[in-house]
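In: Can you look at this prediction? I've put the sequence above it.
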Amino acid sequence: MGSTCILINGLNSPAHAFEFNEPTQTSFFIEELRRNSPDPQKFLEALETQAKATQNFSSNVNENFPSLVADRDLITFLQDSFKTAKQEEAATEATVPVDVDAQDAAQTAQALRNCLRALFADARGLQTAIAALKGETEFHINAANNEIEQLKEKCDTKTFALKPIVEKNVEKLSQKADKTLATMQKSSYRKAAALDKRHENLLHRLQIAEERKDAVQQRIEAAKKKKRLSRTSSGLFALKKYERDIDKLRKEVKALTEETEILRKTENSNFKQRREEFDKVVAQEEAKLTQIQNECQAKIALQQKRISSINLQTAIINSSLENQIVELKRLAATLDSQVKMDLKLNGEEPVQIGIPVYIVKYTKGEAEERYAFVTPIVISKGEGVLSGLKKILSLSPESKLKALIRPANKALQETLSAQLQERLLGDADFRIRLNAVCRAHNLTDQDSFAQTLNEGLDEIEKLGYMTAEESSSLCKHVLEEIA
């Protein structure tokens, strides 16, 4: 956040745009958690609401930093150049007449620092929110776990106190059931025995009647053979009587059998019903223990569900906030790495640094003119220099200028050239002032130009790039052109 930055000011340089999402709900989020914390249910509802609202936790922010340089290669070049540059009093009359506003530059630099501080502060705020969330959720989870332990203890205490009572009551009910059911069985047995005895008597009488019927039948058959009509008539009368008796007895046997069957079914049903009644009463008594355990388990399950829900909502919120923290730190690091310049300066006041620029003006007649701007350059080296020097004799003035030189930094060349050209086209007053600077400091009008040119050519001869004849010819050609 204390890094130095570079502003190319005074030339209507484009602003560096920076966009990020600023968390605006951090304080509200923490306040909501703490406000609802006393009520576990309201706290859980607030947590669920916040988990759903994590997508709206931040608002989009667009920052613009006028004239800020965010080209890493250009910054590195200027940084290295400034480290080796000398601090001199600026020649005011020889500078490009731009309107540099130190106050605006200071405000932009401060805005940049404020933006970086805000990004880190927002990240710290979200970390505080995560810490607050952790504290509140741990408190409620611990409270729920404590509640579970207390429920288990209460359940064990109640069960321990009630179990002997239930066992005693069950024992009494079992004894009563055994006694009652035994009595019912005895009564049922007596009734069934009486019916069985009557049944045996009826079967015995039926058997006797059938035997007598058979005897009469035999006598009738014998009388028919002997043709004794009187005996046959009396025998037929007796036979009909025995048949009526047998039919009656069979009906009584059948009715008694049905009665016995009904009795047994009824007694069995009553016995079963009474057994079920006793079992139900015993189950109700034993259910007192089960009810205590079920109620306890239901309350425990509710607390466990609460813990699971807290963990789930916390995980959702944590993931969202942590992602936002990572993104804020990434954006801060990106912005810082884009604009920072490792240059030690005293204090935080803006320092104006001049960049040497050669301005070449080309005219055609009186109405047409254009400019070329040459930023810090690198002289071409190697085998191409000699051929390049020889070629410039046949090139146009502008081509001659470009034959042996190249920008030390292409981005700087393009940035300054484009902005100066734009300013020239749109600002007539600036164009007049720039022309005045160029006329006042024209290199070819200086008395030392010829001497400087000869010294440069001598250096080229020493390096072996040109012969004395070629150097002399080039010097003559240049001086003739500017004459």
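Out: Now that the structure is in, tell me what you want to look at.
In: Could you point out the longest helix of this structure?
Out: helix 102-226 (DSSP state H).
In: what mean pLDDT would you report for that helix?
Out: For helix 102-226, mean pLDDT rounds to 86.
In: Would you map out the domains in this structure?
Out: Domain assignment for the chain by automatic domain parsing gives 16-154+304-339, 161-302, 358-482.
In: what's near enough to touch the nearest residue to residue 144 once chain neighbours are set aside?
Out: Leaving aside its sequence neighbours, residue 144 sits nearest to residue 303 (Cβ to Cβ, 6 or more residues apart in numbering; 4.5 Å). Backbone N, C-alpha and C define where each C-beta goes, glycine included. Residue 303 sits next to 144-145, 147-148, 151 when contact means Cβ atoms under 8 Å, 6 or more residues apart in numbering.
In: Buried members of those into PyMOL, please.
Out: With 16 or more other Cβ atoms under 10 Å as the criterion, this PyMOL line picks the buried residues out of these:
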select buried, resi 144+147+148+151
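In: and which of the contacts of residue 303 is nearest to residue 317?
Out: Using Cβ to Cβ, residue 144 is the member of the contacts of residue 303 that sits closest to residue 317, with 18.2 Å.
In: residues contacting the closest one?
Out: By Cβ under 8 Å, 6+ apart, the neighbours of residue 144 are 40, 303-304, 306-307, 310.
In: Any figure for the gap between it and residue 154?
Out: Applying Cβ to Cβ, to the nearest Å, the value for residue 144 to residue 154 is 15 Å.
In: and among the domains of the chain, the most buried is which?
Out: Highest mean neighbour count of the domains of the chain: domain 16-154+304-339, a mean of 16 (counted as mean count of other Cβ atoms under 10 Å).
In: distance between the ends of it?
Out: End-to-end distance of domain 16-154+304-339 (Cα to Cα, to the nearest Å): 10 Å.
In: Distance from it to the middle of the chain?
Out: Its chain's C-alpha centre and that of domain 16-154+304-339 lie 16 Å apart, by Cα atoms, centre = their mean, to the nearest Å.
In: before we move on, what about stretch 257-265?
Out: 77 Å.
In: Kindly report the same for stretch 291-301.
Out: Between the centre of stretch 291-301 and the centre of its chain there are 35 Å (Cα atoms, centre = their mean).
In: now what about it, what contacts it?
Out: Under the contact criterion Cβ under 8 Å, 6+ apart, stretch 291-301 has outside partners 147-148, 151-152, 154-155, 158-159, 162.
In: Adding distance to residue 334, write those residues out as CSV.
Out: Shown next, in CSV, are these (distance: Cβ to Cβ, whole Å):
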residue, distance to residue 334
147, 48
148, 48
151, 53
152, 54
154, 58
155, 58
158, 64
159, 64
162, 69
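In: Spatially nearest residue to residue 245 (excluding sequence neighbours)?
Out: Leaving aside its sequence neighbours, residue 245 is closest to residue 209 (4.8 Å, by Cβ to Cβ, 6+ apart).
In: er, residue 243 I mean
Out: Excluding its sequence neighbours, the residue lying closest to residue 243 (Cβ to Cβ, 6+ apart) is residue 213, at 6.5 Å.
In: wouldn't that neighbour be in contact with residue 244 here?
Out: No - using Cβ atoms under 8 Å as the test, residue 213 is too far from residue 244 to be in contact (10.3 Å).
In: anything in contact with each of the two?
Out: Shared contacts of residue 213 and residue 244, defined by Cβ under 8 Å, 6+ apart, are absent.
In: looking at this, residue 447 is in a helix?
Out: No - assessed with DSSP: H, G, I helix; E, B strand; the rest coil, residue 447 is coil; it does not lie in a helix.
In: Against residue 472, how distant is it?
Out: Applying Cβ to Cβ, the value for residue 447 to residue 472 is 21 Å.
In: Also residue 250?
Out: According to Cβ to Cβ, residue 250 and residue 472 sit 165 Å apart.
In: And residue 108, by the same measure?
Out: Distance from residue 108 to residue 472, by Cβ to Cβ: 53 Å.
In: Send me stretch 282-296 as PDB with only the CA atoms.
Out: Extracted C-alpha coordinates of stretch 282-296, given in PDB (Å, rounded to 0.1, in the frame of the first residue of the first chain):
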ATOM      1  CA  VAL A 282     -48.900 -54.700  31.000                       C
ATOM      2  CA  ALA A 283     -47.700 -53.100  27.800                       C
ATOM      3  CA  GLN A 284     -49.100 -49.800  28.900                       C
ATOM      4  CA  GLU A 285     -47.300 -50.100  32.200                       C
ATOM      5  CA  GLU A 286     -44.000 -51.000  30.400                       C
ATOM      6  CA  ALA A 287     -44.600 -48.200  27.900                       C
ATOM      7  CA  LYS A 288     -44.100 -45.700  30.700                       C
ATOM      8  CA  LEU A 289     -40.400 -46.400  30.400                       C
ATOM      9  CA  THR A 290     -40.400 -46.500  26.600                       C
ATOM     10  CA  GLN A 291     -42.300 -43.100  26.600                       C
ATOM     11  CA  ILE A 292     -39.600 -41.500  28.700                       C
ATOM     12  CA  GLN A 293     -36.900 -42.800  26.300                       C
ATOM     13  CA  ASN A 294     -38.900 -41.800  23.200                       C
ATOM     14  CA  GLU A 295     -39.500 -38.300  24.400                       C
ATOM     15  CA  CYS A 296     -35.800 -38.000  25.300                       C
END
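In: ok, back up a step: select, from the contacts of residue 144, the two members most distant in space.
Out: Greatest spatial distance among the contacts of residue 144 (Cβ to Cβ): 40 and 304, at 13.4 Å.
In: residue ranges for the helices of the chain, please.
Out: With DSSP H as the definition, the chain shows helices at residue ranges 26-36, 40-52, 72-84, 102-226, 229-339, 384-391, 397-403, 410-426, 428-440, 449-462, 468-482.
In: To residue 61, which of these lies closest?
Out: Using Cβ to Cβ, the nearest of these to residue 61 is helix 102-226, at 8.7 Å.
In: quick one: the closest one to helix 229-339, angle?
Out: With axes from the mean of the first three to the mean of the last three Cα atoms, to 10 degrees applied, the angle from helix 102-226 to helix 229-339 works out at 170 degrees.
In: roughly how far apart are the residue lying closest to residue 306 once chain neighbours are set aside and residue 204?
Out: In space, and not counting its chain neighbours, residue 306 is closest to residue 144: 5.4 Å by Cβ to Cβ, 6+ apart. Going from residue 144 to residue 204 by Cβ to Cβ gives 82 Å.
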